[in-house]
Every structure is written in C-alpha cells, then in structure tokens.
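Q: I'd like to go over a predicted model; first the sequence, then the structure.
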Amino acid sequence: MRAIVIEETGGPEVMQMAEVSDLEPGPGQVVVDVEARGVNFIEIYQRSGAYAVPTPFTPGVEGAGTVSAVGEGVTAVSAGQRAGWVMLPGSYAERAVVPADRVVPIPDGVTSEQAAAVLLQGMTAHYLTHSTHPVQPGDTVLVHAAAGGTGLLITQLAKLRGARVIGTVSTEAKERIAREAGADEIIRYTETDVAEAVRSLTGGAGVAAVYDGVGADTFDASLASLRPRGVLALFGQSSGAVPPVDPQRLNAAGSVFLTRPNLAHHVAERAELLDRASDVLGLVAAGSLKVHVGGRYDLADAAGAHADLAGRTTTGKLLIV
C-alpha cells in the first residue's frame, strides 16, 4: 500500500510517498481503508521535530473510512462499518490499523470527509465549551483564530449554548467566514489592540472565557481580556509556545484561571470518547454544526497541506483525501 513516510524530521519536503507492507489487524485491532484524513498542527510539530516521534514514521492522527478487517477478540466493530478515530498515528496512508476500543462509529447522514474534518477539532471544541469553561447563556467569550477549523466549531458550539462570541481574525474574508459561523463581534487583530477592543465591546467588564489556540502571539491579550475569575483556556500554540508565566499575573488580572487542556484527557475513557463523538457527529448529522472544509489535497501532496496550514492563510479544516 502507499503511505507517507518521514525518515528524518524537517520541513514539509521530508514527507515522501512510499510503498510499504500491507497491514493485518492484531488482537483487539481493526484495519480501516482510509477515505479522508484531517490535517492538524500536531502533525506539523511532529514532522518538524518540535514534538519528538521516533523515525521513520507515518504521520496523521485523525481519519475516517471503512473497516476492512478485524482482529482476534473484536466484537463491537465489524468489517464494512464506517469508522473514525483521533489521536492515533498513521492516517497518512491508504490503510491504517486502529485499536477497536478507540474507533467511533460514523452515523448515517455524516460523510467520511465530514467525520475526518470534525472529530478531533469538534471534540476539542466540545470539551472546551462543555467542560473547561461550560458556557452559560449570556456569557461573552473570546475565540482566537475564529475562522480556523477549531475556531469555527468553538464559535458554533458556544452560540448553541447561548453565548455572545467575539472572534479574532486577520482579514475581511476570514471575518465573513467567522460571522457566518455565528460570531457576534469581530476584532481584526492586525489592525486593533485586542484587549482594548474586548474591553470596549464588553463595557469594560471583560469576557467569561478566552479560547486560545494561538499561544505566544495572543497570550498577553487573552489574559488582559478576562473578567474577574474568568478562564483562559490555552489549548494550542500555532504561533509558538508561551514563555513561563508568573502566577502573580493571574491575581493581578482578577483571580483568573489559566489552564492548558488536552483532548486526550477528555476522551481517555471509552464512554467519554463515545459521548463526545456522538454529540459532535449528531450535531453534524442534524445540520446544527457546519463543517467548513478549507482545502482538499491528494495523499501525494501532503507537503502542500502542511505548508498551507503552517502559513496560517487557510480557513476551516484541511483534508487529505
């Protein structure tokens, strides 16, 4: 079968197409014919060496397709079933081996492309808005990179829970996309001081929560945008890691809370994984959660997908199909 293989870390060019041995499921595993793969910043961090992964490896932590074979002891998943998964290696290939207890079923009314586009970022948006800071009706929240894949989903889920959403974007085109997702107010961070704009839009009060997947470039503004006892959920670092923080800054900002959450800790148990996936995919099937695919790439052009995502010029979710 064909797969992208990384022999040594570096730029997008280190991802090379190769013919590799076909896969057989071991005990407790299934083999999935992969139809769509989500492209995520974690794959860029792993490819570049920012996150250490033993080489050689096949990247890709999210995918969807059809189960083609099941291993010994697997009873809950059967061949022919459509399935998705997140946070497991090897989806940049024609087939992938997945532990059966980490597979989530794809319901009728959701395509494999939609599932691959929404599972990781959708469950991230779900835990942020339902667990990290459970959005309450009337809350005002700030969503950075509101036109990105995760930002669009956070915006929609926060709106479904009754929030007023302020989003940050860089361009008029991205503003239009964020507003279509439900953002009530938009701040062009390239033109305006974000914290000052937030204070102006909230009558000086600040926001109940900031959902920040950008990191270094946005952290100070995020902290300065919170209301007393607000929550700063720093869930990513697309612009780089945040330097060490003096805890006294949290006091000065109004006894605010800073957390660095991770999806793995919110889907560690299978029951919670299935609950979150079912909620997200159910909303997609019902038409209540829109999935915006910003680009589709052939498997052979995985490097192009990485270059575009890292350039932060894209909107929505990128897929390798």
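A: Received, thanks.
Q: domains for the protein, by residue range?
A: 2-119+269-320, 136-259 (automatic domain parsing).
Q: Output those in JSON lines, with distance to Thr129 appended to each entry.
A: No exception for glycine: its C-beta is placed from N, CA and C like everyone else's. JSON lines is the format used below for the domains of the chain (distance: least, C-beta to C-beta, whole Å):
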{"stretch": "domain 2-119+269-320", "distance to Thr129": "11"}
{"stretch": "domain 136-259", "distance to Thr129": "4"}
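Q: want to throw those into TSV with mean pLDDT?
A: TSV is the format used below for these (pLDDT from 0 to 100):
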stretch	mean pLDDT
domain 2-119+269-320	96
domain 136-259	97
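Q: So which residues of this structure form helices?
A: Along the chain, counting by DSSP state H, helices occupy 41-48, 112-127, 149-160, 172-180, 194-201, 219-224, 248-252, 270-286, 302-310.
Q: on that earlier part again, rebuild the domains of the chain as TSV, extending it with mean neighbour count and distance to His126.
A: What follows is the domains of the chain, written out as TSV (neighbours: other C-beta atoms under 10 Å; distance: least, C-beta to C-beta, whole Å):
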stretch	mean neighbour count	distance to His126
domain 2-119+269-320	18	5
domain 136-259	20	6
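Q: among these, which is nearest Ala125?
A: domain 136-259 (3.8 Å; C-beta to C-beta).
Q: How far does that closest one sit from its chain's centre?
A: 16 Å (C-alpha atoms, centre = their mean, to the nearest Å).
Q: just stretch 81-93 next, same as before
A: Distance, centroid of stretch 81-93 to centroid of chain: 15 Å (C-alpha atoms, centre = their mean).
Q: that older thread, among the helices of the chain, which is nearest Asp33?
A: Among the helices of the chain, helix 112-127 comes nearest to Asp33, with 9.8 Å by C-beta to C-beta.
Q: So what touches stretch 237-246?
A: The contact list for stretch 237-246 (C-beta atoms under 8 Å, 6 or more residues apart in numbering) reads Phe41, Ala145, Gly213, Val214, Gly215, Ala216, Asp217, Thr218, Phe219, Leu234, Leu258, Arg312.
Q: contacting residues around the fifth one?
A: The reference is to Gly215. Gly215 is in contact with Leu234, Gly236, Gln237, Ser238, Ser239, Gly240, Ala241, Val242, counting by C-beta under 8 Å, 6+ apart.
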